[in-house]
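Trainee: Predicted model and sequence below, questions to follow.
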Amino acid sequence: MKEDQRPLQQRNKSPTSKLFTRGAAYVVLVLLSYTLGYLSHTSPPQQQQLQPPSPVFQLADSPSQLDNFRVTAPCANSPLPPHLVFPTILDRVFNGSSPYSNFPPPYLSSFLKQKRIKGWGSYGAVFQHLIKRVKPQVIIEVGTFLGASALHMVNVTRELRLQTQILCLDDFRGWPGFRDRFKDIKMINGDVLLFQQFMQNVIYFNATGSVLPVPFSTASGLEKLCEWGITADLIEIDAGHDFISAWGDINRAYRILRPGGVIFGHDYFTMADNRGVRRAVNLFAQMNNLKIQTDGQHWVLDTSLAKHN
Ligand SMILES: C[S@@+](CC[C@H](N)C(=O)[O-])C[C@H]1O[C@@H](n2cnc3c(N)ncnc32)[C@H](O)[C@@H]1O
């Protein structure tokens, strides 16, 4: 019989201790692979851990983060009385004379229709409801196009025998490609005649005494109105429908809303506007503790109402 050449400790091990050693090795092996697996697992990017996706509305609870997005351009110390609103626009924007004088000039006549109106939700009941409720002396429309909603408001104020002045703020450029659907709005040397057709529509409806255009971008126009001390009892927002445009317009317009006035606008419900108009309105209402009402497709913020939710 061959001599056992294993070391003494091994030679003396009982079957139980052999079993134990194998079991321990197995456990160590399992633990080791588990640890290695854990260490080699890629952890999620740091940013995701620190900033889980959160609704934009959570920002409203940390106002300092939103301060950079507030409008701070200077405004007049006191508002102009309503009867000075039109004279101020005529003076500041139109060199002191009415833009309707001698309109249309002969070279334009053949390019314009006697009347060409097209709007979107421009005859909704909301206009009558709000004009009846607010009895506005001054209305500002932000986004006018051919004047459908502005001229509808003229009709409503006439029916109610109100002496309301309406300012229509629009750059009257439409949007890139709008002539695909409005080929009949003519273009001369690259200049689309939207402003001129709007003017013609106002003349057709005999409304030159109560409607004045303010033909600038909404951002620069609203800032200037604020600087000149022009305020309104009722402001309609219906220009750019992306979040940033709607957010800017609502914030700037709110600064020129008479205390207790109403600001409202179109496109609260269309699907695309869940990303734009509706989100801007909701965030603005939350930040300013205002209650959102809806009327047809329109959103309404009535600053005379306390929030009840
Ligand atoms: C939907 S249309 C307005 C329709 C009008 N409220 C109606 O119901 O008849 C939008 C208008 O906003 C104007 N607009 C869009 N963005 C603008 C901006 N940043 N500055 C000035 N006007 C703008 C366009 O020129 C267009 O005439």
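Mentor: Done, it's in. Numbering: from 1, shown residues only.
Trainee: and the nearest residue to Ala239 once chain neighbours are set aside, what does it touch?
Mentor: With CB to CB, 6 or more residues apart in numbering as the criterion, Ala239 has its nearest non-adjacent residue at 3.3 Å, and that residue is Gly143. (C-beta placed from N, C-alpha, C; glycine too.) Applying CB atoms under 8 Å, 6 or more residues apart in numbering to Gly143 gives the contacts 169-170, 218, 236-240, 249.
Trainee: count of residues packed around Thr231?
Mentor: 25 (other CB atoms under 10 Å).
Trainee: Quick one, grab the pLDDT at it.
Mentor: On the pLDDT scale, Thr231 is placed at 98.
Trainee: There's contact between it and Ala253 in this structure, I believe.
Mentor: No. Using CB atoms under 8 Å, Thr231 is not in contact with Ala253, being 10.4 Å away.
Trainee: Point out where the chain drops to low pLDDT.
Mentor: 1-69, 271-275, 306-309 (pLDDT under 70).
Trainee: neighbours of the residue of it found nearest the ligand, just the number please.
Mentor: Nearest residue of the chain to the ligand: Gly119, at 2.8 Å (CB to the nearest ligand atom). By other CB under 10 Å, 18 other residues sit near Gly119.
Trainee: isn't it right up against Thr144?
Mentor: No. Using CB under 8 Å, Gly119 makes no contact with Thr144, being 9.2 Å away.
Trainee: follow-up on the earlier one: how near is the nearest residue to the residue of the chain closest to the ligand once chain neighbours are set aside to Phe216?
Mentor: Of all residues not flanking Gly119 in the chain, Ala148 sits nearest, at 2.6 Å (CB to CB, 6+ apart). Going from Ala148 to Phe216 by CB to CB, to the nearest Å gives 20 Å.
Trainee: and what of Pro259?
Mentor: Counting by CB to CB, the gap from Pro259 to Phe216 is 25 Å.
Trainee: out of these two, which sits in the busier spot?
Mentor: Between Pro259 and Phe216, counted using other CB under 10 Å, Phe216 has the larger neighbour count: 17 against 9.
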